[in-house]
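K.L.:
Here's a sequence, model it:
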Amino acid sequence: MEAIVSTRHLLVKFPTKIGVGEVRGDQQVVRQCYKTAIMDKGKQNALPIANAEQRGEVEPERPQPVEDVVQVPLEEGNAEKVFQVGSQFGEVEKEELITFLKNNRDVFVWLAEKVPEINT
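P.N.:
A predicted model of the protein is given here:
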């Protein structure tokens, strides 16, 4: 159906077999409908506290990686500082990424206290 809607004029025009049909809105009805919608907003989904389900502390489920990762130490012999690199990289791409990360190790912070403007 090809129709033209003008909310400003509360008017809908549409083609008919004998010309153009019109549907006109009533401003008072529109105002009352809007007022009702605003007053009732959010009430239909509200639950009284008496019906709320009591739960203990729930740990949010941690997302799982979409692929296996390989642990790569930043420095040989230091198992505390490692990068995780995706296992689906090709050997060339993986080596390039590891080299890049090791060459730019000065931009990584391993403790929150070392980050400027973060107070722990």
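K.L.:
Report the buried residues of stretch 94-102.
P.N.:
94, 98 (16 or more other C-beta atoms under 10 Å). From N, CA and C alone the C-beta is placed, and that goes for glycine too.
K.L.:
Quick one: mean pLDDT over it.
P.N.:
What stretch 94-102 shows for mean pLDDT is 90.
K.L.:
Please apply the same query to stretch 9-24.
P.N.:
Stretch 9-24 comes out at a mean pLDDT of 90.
K.L.:
Flag every buried residue along that stretch.
P.N.:
Applying 16+ other C-beta under 10 Å to stretch 9-24 flags no residue as buried.
K.L.:
Which residues does the helix or strand bottoming out on mean pLDDT in the chain contact?
P.N.:
In the chain, no helix or strand scores lower on mean pLDDT, DSSP states H and E than helix 27-40, which sits at a mean of 84. For helix 27-40, the surrounding residues in contact (C-beta atoms under 8 Å, 6 or more residues apart in numbering) are residue 10.
K.L.:
Going toward the C-terminus from it, what's the next helix or strand?
P.N.:
Per DSSP states H and E, the first helix or strand lying C-terminal to helix 27-40 is strand 69-73.
K.L.:
mind listing what that following strand pairs with, with the direction of each?
P.N.:
Applying DSSP bridges, strand 69-73 is found paired with strand 82-86 (antiparallel).
K.L.:
quick one: buried residues of the partner strand?
P.N.:
83, 85.
K.L.:
ok, then the element right after it?
P.N.:
helix 91-103.
K.L.:
Kindly export that next one (C-alpha atoms) in CSV.
P.N.:
Output in CSV follows, covering the C-alpha atoms of helix 91-103 (Å, rounded to 0.1, in the frame of the first residue of the first chain):
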residue,chain,number,x,y,z
GLU,A,91,53.6,-19.1,11.0
VAL,A,92,54.8,-16.0,9.2
GLU,A,93,52.1,-13.8,10.6
LYS,A,94,52.6,-15.2,14.1
GLU,A,95,56.3,-14.6,14.1
GLU,A,96,55.8,-11.0,12.7
LEU,A,97,53.2,-10.3,15.5
ILE,A,98,55.5,-11.7,18.2
THR,A,99,58.5,-9.7,16.9
PHE,A,100,56.3,-6.6,16.8
LEU,A,101,55.0,-7.1,20.4
LYS,A,102,58.5,-7.7,21.7
ASN,A,103,60.0,-4.7,20.0
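K.L.:
Alright, calling it a day.
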